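[1] One predicted model, sequence on top.
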Amino acid sequence: MTHTYNVTGMTCNGCRASVEKTLSALPNVTKVDVELQSQTATITMSKHIEVDTLQNALSDKYTITEQATKNVFSSVKSVEEKSELRQLMPLFLIIGYITVASILLNRNPWNTNSFMLDFMGLFYIVFSFFKLLDLKGFPESFRMYDPLAKAVPAYGWVYPFIEVALGLMFLMRFQTSAALIITLVVLGITTIGVTKTLLDKKSIQCACLGTALKLPMTKATFIENAIMIIMAVIMLVNTYAV
């Protein structure tokens, strides 16, 4: 069953992320979608949860009241799946543009290694841009699934700048071996968190494009990280095999 609630007191993306994280952690809650603009929270639960229980879980800063209730049937799930694909369209478009740009930069003559370096460099630069648009809200969303950001909050603040540095290193061909190793470590940690979130079937916002674009955490996020990790492994093997 799915219930929609009014949530007052949210003033920024940090508030939205905090409410979403708190409600997602409650027993019997399988999905939470919090909208800052409409001041609402849509909660899917396996067992009905009283409004008082939800309110007690939240900070006194927020007030939650029930708005509407609906059952979740297969037809509704189909609509949600279509909506999820529409939400992911910005991610697909960005990766598509990055791929085309990398191909054009290396088409004459073709160089596979150079293509991968340009792809990874552009990937980091573009994705860091969106994270920097809301540097205040990003760390809160990021720590909801990244293990290191969860353990060391300061890491969430530094992460966008790490991406900028890695992007420049790849594009400038500066210390690429070090950049590849850092990529394996950084994205490896994030991928562990993404995998755990997907296995737990928790519905949270993906912070890969910051908070400017509201993207759901899906298998696409895992694939996106996996592509970068595979490229980094191939590049390291090619580097040290010579």
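    Looks like it came in fine.
[2] Only C-alpha atoms from now on, for both contacts and neighbour counts.
    Fine.
[3] show me where this protein has helices.
    In order along the chain, the chain carries the following helices (DSSP state H): 13-24, 51-57, 74-105, 112-132, 138-142, 147-151, 153-171, 176-199, 219-241.
[4] Tell me which of the ones you listed is the most buried.
    helix 138-142 (a mean of 26; mean count of other CA atoms under 10 Å).
[5] Show the secondary-structure elements that it is packed against.
    helix 13-24, helix 153-171, strand 205-206 (3 or more CA pairs under 8 Å, 6 or more residues apart in numbering; DSSP states H and E).
[6] ok now the first one, how far from the chain's centre?
    Going back to what we said before, that points to helix 13-24. With CA atoms, centre = their mean, to the nearest Å as the basis, helix 13-24 stands 14 Å off its chain's centre.
[7] mean confidence for that helix?
    Model confidence over helix 13-24, given as mean pLDDT, is 87.
[8] same question, the second one
    Along helix 153-171, the predicted local confidence has a mean pLDDT of 95.
[9] Would you mind writing the CA trace of that helix as PDB?
    Provided in PDB are the C-alpha atoms of helix 153-171 (Å, rounded to 0.1, in the frame of the first residue of the first chain):
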ATOM      1  CA  PRO A 153      30.700  13.000   6.400                       C
ATOM      2  CA  ALA A 154      33.500  15.400   5.200                       C
ATOM      3  CA  TYR A 155      34.200  12.900   2.300                       C
ATOM      4  CA  GLY A 156      30.800  13.900   0.800                       C
ATOM      5  CA  TRP A 157      31.900  17.500   0.700                       C
ATOM      6  CA  VAL A 158      35.300  16.700  -0.900                       C
ATOM      7  CA  TYR A 159      34.000  14.100  -3.400                       C
ATOM      8  CA  PRO A 160      32.900  16.600  -6.200                       C
ATOM      9  CA  PHE A 161      36.400  18.200  -6.100                       C
ATOM     10  CA  ILE A 162      38.000  14.700  -6.300                       C
ATOM     11  CA  GLU A 163      36.000  14.100  -9.500                       C
ATOM     12  CA  VAL A 164      37.100  17.500 -11.000                       C
ATOM     13  CA  ALA A 165      40.800  16.600 -10.200                       C
ATOM     14  CA  LEU A 166      40.400  13.100 -11.800                       C
ATOM     15  CA  GLY A 167      38.700  14.500 -14.800                       C
ATOM     16  CA  LEU A 168      41.500  17.000 -15.400                       C
ATOM     17  CA  MET A 169      44.100  14.300 -14.900                       C
ATOM     18  CA  PHE A 170      42.600  12.100 -17.500                       C
ATOM     19  CA  LEU A 171      42.000  14.800 -20.100                       C
END
